[in-house]
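S.K.: below is the sequence, then the predicted model.
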Amino acid sequence: MASKSNYEIYTKLYEFNPFEDNACSWFDSKWMFGINEGFDIVIGNPPYVGISKLSYKAELQKQGYSTFESTGDLYSIFYEKGNQLLKQKGVLTFITSRQWINASYGKSLRKYFVEKTNPIQLIDFGKAKIFDAATVFVNILMFEKNENKKNLRACLLKEDFTIEGNDLDSYFYLNSTLLDNLSETVWKIGEEDIEIINKLIENKGVVLNKWIGLDFFRGITTGLNEVFYINEIQKNNLVAEDPKNNEIIKPLLRGKDIKRYGYEYNNLYIINTHNGIRERGLLPIDVQKDYPSIYRYLFQFQTELREREDQGVHWTNLRNCAFLDEFEKEKIVWIEISDRANFTYDTKGMYLTNSAYFISGSNLKYILSVLNSRAADFYFFQITAKIAGGRKRYTKQYVEQIPIPQIEKSKQKPFEDLVDYLLFLHDKESPQLFTHTKNDRIASHIEEVLNMMVYELYFDEHMKDNKIDVLQFIYPDEISTLNYQEDIVEVIQSFYLWLQTPNNPVRQRINIVDINSPDIISKINLATL
């Protein structure tokens, strides 16, 4: 055990108040004392304080901690310092916020654990209410100061777990899983059968941020939405004053407008007084000179516009946006917070608010088919941050980690075609294809087929062995002869009627998939209801 003097010092580790005036000198000197002797054990509950809120943030950064992140949390530094205070083979156990497991700011901490420690045990309390006074969701990590032996046992407590009637040791023993391939990416903790499915998905896919030709972006931050976002009447009035204004008034989608395979455009617009694109030699817009009526409109809000943080070279300009041109391209767009995947396709040059994201590049419709699938959402649920009401964060940092199979362009066509069917069916301007069957009902049947096709990308051998593969049947002869561009209505009608024929092989396989694949597809279907 540690000596009395050392015990007194590492007790200070969790008594430390990060807002004290002498905090910086405490970091410099107090923690350095006793390192040579080291501790056998360090146990603590470090403060959960955003580093961005610290008055001594700059001084802390100078200390050279590898886990320092300006957007991160102070407890990351405590982990690193705690490890430094240990003797070789000494053990540290901290209870902290669980956000480091999957937050972007936790990347450096996850890397530190993998490269500088030997993680032993991790209990993730998830959303289980264990501590009455706790205001955040927490976990407990134990690691050894030693070479990483890649033998971490981890357990995620179910949301309905309670201390009453449960023995935590036994629960951990029965429900923990081995995490033996950890890296700086998100740590996925779940039941062993879930980890098996995750590994199958990972083995077949390439994470999106490794795909060549894709670019990820977020919507525009204006700093004063109520001024730069205008409705149809305001837009028409500005254009009536000066038709030239139409050049910088762009159609706008909010995150909540975006749905699965569609969006509800509410006739909103953004006044795009951009700050130029230096890389293209595009100068910031001179609003006062070139768009005087818009300048008069903005002048009403001059005080608020001057005070906002996000602005360009002039108070009338939006902040820098190097990807301005990307909004005009065809793209996948999606909402940031949702209960399930809500990705769609935009060909109309919609601009986005900062509650939405988009991807531009190649292979987009094929990628869209996978992103909206149950298989991708099942995997996504294991890696993303979750918030109240069961909703998930579909931010770039998580979406770009979804593994998607890379297949030849010619093999992408059936996926792209069914995406086109769904985009058409979810478009409010599309005609109803049948008198007694609504378009959304037809869409739900076609999406079932598309889900099966995506399953086959990840679990092809399993599906063939269990006679639930569908890709071989997707193109019936009566559809392949139609002119797709001219006869889109007839194409979808024919496909749907073919799908509803007695003994249709695709429908038959959909009907038995849960029976024939209880350990994979049925489990995914149940988890993504």
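M.R.: Right, received. Where do you want to start? Residues are numbered from 1 along each chain as shown.
S.K.: shaky segments in the chain?
M.R.: 1-37, 129, 131-135, 159-160, 163-165, 190-191, 388, 476-486 (pLDDT under 70).
S.K.: and the longest strand along the chain, which residues are buried?
M.R.: Using DSSP state E to define each element, the chain has its longest strand at strand 86-97. Neighbour-count burial for strand 86-97 flags 86, 90-92, 94-97 (criterion: 16 or more other CB atoms under 10 Å). For every residue, glycine as well, the C-beta is placed using N, CA and C.
S.K.: cool, stretch 245-253 as well?
M.R.: 245, 248-253.
S.K.: which of those sit farthest apart?
M.R.: Asn245 and Leu253 (20.4 Å; CB to CB).
S.K.: counting contacts, what elements does the longest helix anywhere in the chain pack onto?
M.R.: As assigned by DSSP state H, the longest helix anywhere in the chain is helix 439-458. Under the contact definition 3 or more CB pairs under 8 Å, 6 or more residues apart in numbering; DSSP states H and E, helix 439-458 sits against helix 192-204, helix 364-371, helix 374-383, helix 409-426, helix 488-499, helix 505-516.
S.K.: quick one, the last one and helix 439-458 angle?
M.R.: Interaxial angle, helix 505-516 versus helix 439-458 (axes from the mean of the first three to the mean of the last three CA atoms, to 10 degrees): 60 degrees.
S.K.: which other helices and strands contact helix 505-516?
M.R.: By 3+ CB pairs under 8 Å, 6+ apart, helix 505-516 packs against helix 439-458, helix 521-527.
S.K.: to Asn504, which of those helices lies closest?
M.R.: helix 439-458 (10.2 Å).
S.K.: got the CA positions of the closest one in PDB?
M.R.: Taking Å, rounded to 0.1, in the frame of the first residue of the first chain, the C-alpha atoms of helix 439-458 are listed here in PDB:
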ATOM      1  CA  ASN A 439     -47.600   5.800 -51.800                       C
ATOM      2  CA  ASP A 440     -46.200   5.600 -48.300                       C
ATOM      3  CA  ARG A 441     -47.600   2.100 -48.000                       C
ATOM      4  CA  ILE A 442     -45.900   1.100 -51.200                       C
ATOM      5  CA  ALA A 443     -42.700   2.700 -49.900                       C
ATOM      6  CA  SER A 444     -42.700   0.700 -46.800                       C
ATOM      7  CA  HIS A 445     -42.800  -2.600 -48.800                       C
ATOM      8  CA  ILE A 446     -40.000  -1.400 -51.000                       C
ATOM      9  CA  GLU A 447     -37.900  -0.400 -48.100                       C
ATOM     10  CA  GLU A 448     -38.300  -3.900 -46.600                       C
ATOM     11  CA  VAL A 449     -36.800  -5.200 -49.800                       C
ATOM     12  CA  LEU A 450     -34.000  -2.700 -49.700                       C
ATOM     13  CA  ASN A 451     -33.200  -3.700 -46.100                       C
ATOM     14  CA  MET A 452     -32.900  -7.300 -47.200                       C
ATOM     15  CA  MET A 453     -30.600  -6.300 -50.000                       C
ATOM     16  CA  VAL A 454     -28.300  -4.500 -47.600                       C
ATOM     17  CA  TYR A 455     -28.400  -7.400 -45.200                       C
ATOM     18  CA  GLU A 456     -27.000  -9.500 -48.000                       C
ATOM     19  CA  LEU A 457     -24.100  -7.100 -48.400                       C
ATOM     20  CA  TYR A 458     -23.000  -7.800 -44.800                       C
END
